[in-house]
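J.: let's see this in three dimensions:
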Amino acid sequence: MACRYFCVIALLAFIFVGVAQAADTSKGPFLWEADTTFAAFADKAKIDSYLDNLKAHGINGIWVQVEMYTQGTVNYKKTTLTALPTAQKFKTGQWANDDYLNYVIVQAKKRNMSVIIKFHGSNDILWDKNPNWRMKDSKGNDVLWGGKFKNFCVNSPYWDKVFFPMIREIGANYAVDGFYFDTCQVVFPNSDTCFCSNCQDRFQKETGKRLPMKPVDKENWNDAVVKLYATKRVEWLNEFYQKYRKVVDEAKPGAIALLNVSGGYNSYKDGLSTSAAAENVTMLTPEPVNTPRMYAVTENLKRKKAGQPPFDERELAKQEISWNMNRYGYNEFMVKTMLADGGGKPVIPISRYWFTDEAAGLMGPTDLEIAQIESGIGGGAKGFCFFGYLGTAIEKGTVSKTAWADSKFISYLKGLTSGEHGRWIADMKPDARTCIIYDRGASFWNGDYWKRFRSVGGVYSLLQCWKKNPVELISVGDPAEPGSPSRKLNLDELKRYRALIVPGLDHVTREDLETLRAYVEAGNGLLLMGSIGSEKKLDGTSIADDAYQIFGISTEGGPEPSGFVIKKERHPVFMAVEGTGSFGSFRISPDKHDAASYKPRYDDTWSVMAEEVTDSGRRACVLEKRIGRGRIGYINSSEAKGFTGQMNQLFVNFATYISGTSQLIMPVGMSPASSLNVFKSEDGLTRYLHILTPDGESNFEIRLYADRGYFPVSAEIMQSDGTITPVKMDVASPSGNSVIRIDKIKPTWAIIRIKTEKRS
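T.: Okay, here's the model as predicted:
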């Protein structure tokens, strides 16, 4: 969650890539949050100097925090709120004849910067004065966020008496470009919140039942009223989001509306559903749990506390996390999931650990900071939000040895706003032929989102496998979250892909299964993996029988440790799959306990291509069949910490086979550390290949398969130093299939742009 320190002002600077107007969210902002303890921001000269510093780095916007919640005051003069008077220090001295907020806005506009107002939604003074506004646990005790922050319940009078009026008067009186609300996820910070008198009264009024004074936890769902409250408080929070957006739109038509929507807050305990929140924001601004830089800092802080010497941050960032996802790829994965959860809303990741404090090492190595940004861009983000204490760092002179003072970093940031780099990013829209459908909705009903993350563990491993052949994600789940938009699969949305991969087909509906069948019948490919109906839904049912009726397959029992795969026949899916065990067998994962596989129940319409030998005997492992004009395949493993190289190759081959066509791209000779994503321009005439390469690349090629009707005519590469040069491209006629040969790519990123022309 964003910082909550005693503050005078929070400045959050942001970059709109290749665009001048703040409200044009199709291009997306880059964001920087400055020092919330920087009291010197009250000085005009230092405000000017700070804005000049940001401008010199290419930053073209600031966020201003207006409510000094520890003091119960604001820093602007045009207020009629008696509960929040203007702070005395913003009415005297140099501010006697000027309005602090207006001054900051005017100075920002002179530098072509946009201004967004930031709210924490906290107020110590009002919390102290109004005991019935406070969040309470089931025992009636006050609840403080993090044990010290004084926040208000979603049903507290604070919002209507103070918060929404503040948005309205700022919108009416100041030339702001948007609003950011930081406290959306703390309205219900845990399962034992909130049981205040306001929640009790509203619950009884809407349900006719008394609110049970029990934690809203899965363990208490034998009490149907507790479960009802779990639903009601999510509905209340969704209504609160809707009102927030409505007030912003009314107060300042066209303004940006933002919430702190983190991928980590997606369960009934938080009351936050990403898909529901996305309905009420202009763009999603999640806080990644582990970007490369954040992971490295966190690990070193642990070592320092233990009295151990810190490790090199670059090396830490290259380590693996659970489910075999490289640190550099985590931010990419997070952006992809948020795009899926948010229905394609623009995603702007917010990174912590930028100039936080000396213990955290201030800013990390320049290449690592750039990699952190580019990993988000590779996932489809249109920007990146920097969260740290830049103001204090500048004031103390501690930026001199950080990336902020590095000419390479300055050039990089400026290129994002005013250079060709930014124009390319602004033109890039995700374009993949393969999609992973994963269960996110069911995660909502599990209290600990991160423990439930195993439900998309297969997605992690698949993304690791598909780092060289890009995928997109579609989020689906049954039952849907209370008050959330429908998670039903849409056939028109699926038709843009040639192949779908579904790891763990348990939480969809019968309607979704029928949609998938129609997709296959139309001539596409579907690859199922792992459990099919073996896991019970929230209501105690499963889709086992539905899946057997529609596809002729389901699974029996729970997962078992994986075994050896033995091919039964020569088949294209086993091309380049070199078994090293007896009879040409290979393991699903290096350690059988690192992967789980299932026993399929299938009818005679399926053909078995391989069997798996486990401790309990043999069972079918790889199966396929035709449905209509398409193909459907099944592999009995989906939950894994890491697949073997042979298994990875099988995934790629199988997905290619069932799609009925070659994949979009195929890099040859690219190192395992690098990843590649594909984008396309709005008119379809330009294709972009984004490469994230921490160590650089040399002497490799990329084979591209042409889009029907588009013939490639030229290619060029932008390197991390901003240089753009032509690249060698051999094009086959009339197919348009091509091969690009690359001699060298410098760390940390590169973009290849391919121009095409339409041909009949």
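J.: what are the ranges of the helices in the stretch 51-200 of the chain?
T.: Taking DSSP state H, counting those that start in this stretch, the helices of the stretch 51-200 of the chain run over residues 100-110, 124-129, 158, 164-173, 197-207.
J.: same list (those) but as JSON lines, adding mean pLDDT, distance to Y688 and mean neighbour count.
T.: Any C-beta I mention is one placed from the backbone N, CA and C, and that applies to glycine too. JSON lines is the format used below for the helices of the stretch 51-200 of the chain (pLDDT from 0 to 100; distance: least, Cβ to Cβ, whole Å; neighbours: other Cβ atoms under 10 Å):
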{"stretch": "helix 100-110", "mean pLDDT": "93", "distance to Y688": "32", "mean neighbour count": "19"}
{"stretch": "helix 124-129", "mean pLDDT": "93", "distance to Y688": "49", "mean neighbour count": "16"}
{"stretch": "helix 158", "mean pLDDT": "94", "distance to Y688": "46", "mean neighbour count": "22"}
{"stretch": "helix 164-173", "mean pLDDT": "97", "distance to Y688": "37", "mean neighbour count": "18"}
{"stretch": "helix 197-207", "mean pLDDT": "97", "distance to Y688": "49", "mean neighbour count": "16"}
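J.: how far away from the center of its chain is stretch 536-554?
T.: On the basis of Cα atoms, centre = their mean, to the nearest Å, stretch 536-554 sits 30 Å off its chain's mean C-alpha point.
J.: do the same with stretch 499-518
T.: The chain centre lies 23 Å from the centre of stretch 499-518; the measure is Cα atoms, centre = their mean.
J.: just the CA trace of that stretch, in PDB.
T.: Below are the C-alpha coordinates for stretch 499-518, written out as PDB (Å, rounded to 0.1, in the frame of the first residue of the first chain):
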ATOM      1  CA  ALA A 499      -5.100 -21.600 -29.500                       C
ATOM      2  CA  LEU A 500      -6.300 -21.500 -25.900                       C
ATOM      3  CA  ILE A 501      -4.500 -23.100 -22.900                       C
ATOM      4  CA  VAL A 502      -6.500 -23.900 -19.800                       C
ATOM      5  CA  PRO A 503      -4.500 -25.100 -16.700                       C
ATOM      6  CA  GLY A 504      -7.100 -26.500 -14.300                       C
ATOM      7  CA  LEU A 505     -10.600 -26.500 -15.700                       C
ATOM      8  CA  ASP A 506     -12.500 -26.500 -12.500                       C
ATOM      9  CA  HIS A 507     -14.200 -23.100 -11.800                       C
ATOM     10  CA  VAL A 508     -15.900 -22.400 -15.100                       C
ATOM     11  CA  THR A 509     -19.600 -22.900 -15.800                       C
ATOM     12  CA  ARG A 510     -21.400 -25.300 -18.200                       C
ATOM     13  CA  GLU A 511     -22.000 -22.200 -20.300                       C
ATOM     14  CA  ASP A 512     -18.300 -21.600 -20.500                       C
ATOM     15  CA  LEU A 513     -17.600 -25.200 -21.500                       C
ATOM     16  CA  GLU A 514     -20.100 -24.800 -24.300                       C
ATOM     17  CA  THR A 515     -18.400 -21.600 -25.400                       C
ATOM     18  CA  LEU A 516     -15.100 -23.400 -25.500                       C
ATOM     19  CA  ARG A 517     -16.500 -26.200 -27.600                       C
ATOM     20  CA  ALA A 518     -18.000 -23.700 -30.100                       C
END
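J.: and stretch 724-742, how far apart are its ends?
T.: Taking Cα to Cα, to the nearest Å, the first and last residues of stretch 724-742 lie 13 Å apart.
J.: which other helices and strands does whichever strand or helix holds L623 contact?
T.: If you go by DSSP states H and E, L623 is part of strand 617-627. With contacts taken as 3 or more Cβ pairs under 8 Å, 6 or more residues apart in numbering; DSSP states H and E, strand 617-627 sits against helix 510-521, strand 595-602, strand 607-614, strand 630-635, helix 645-659.
J.: thank you, goodbye.
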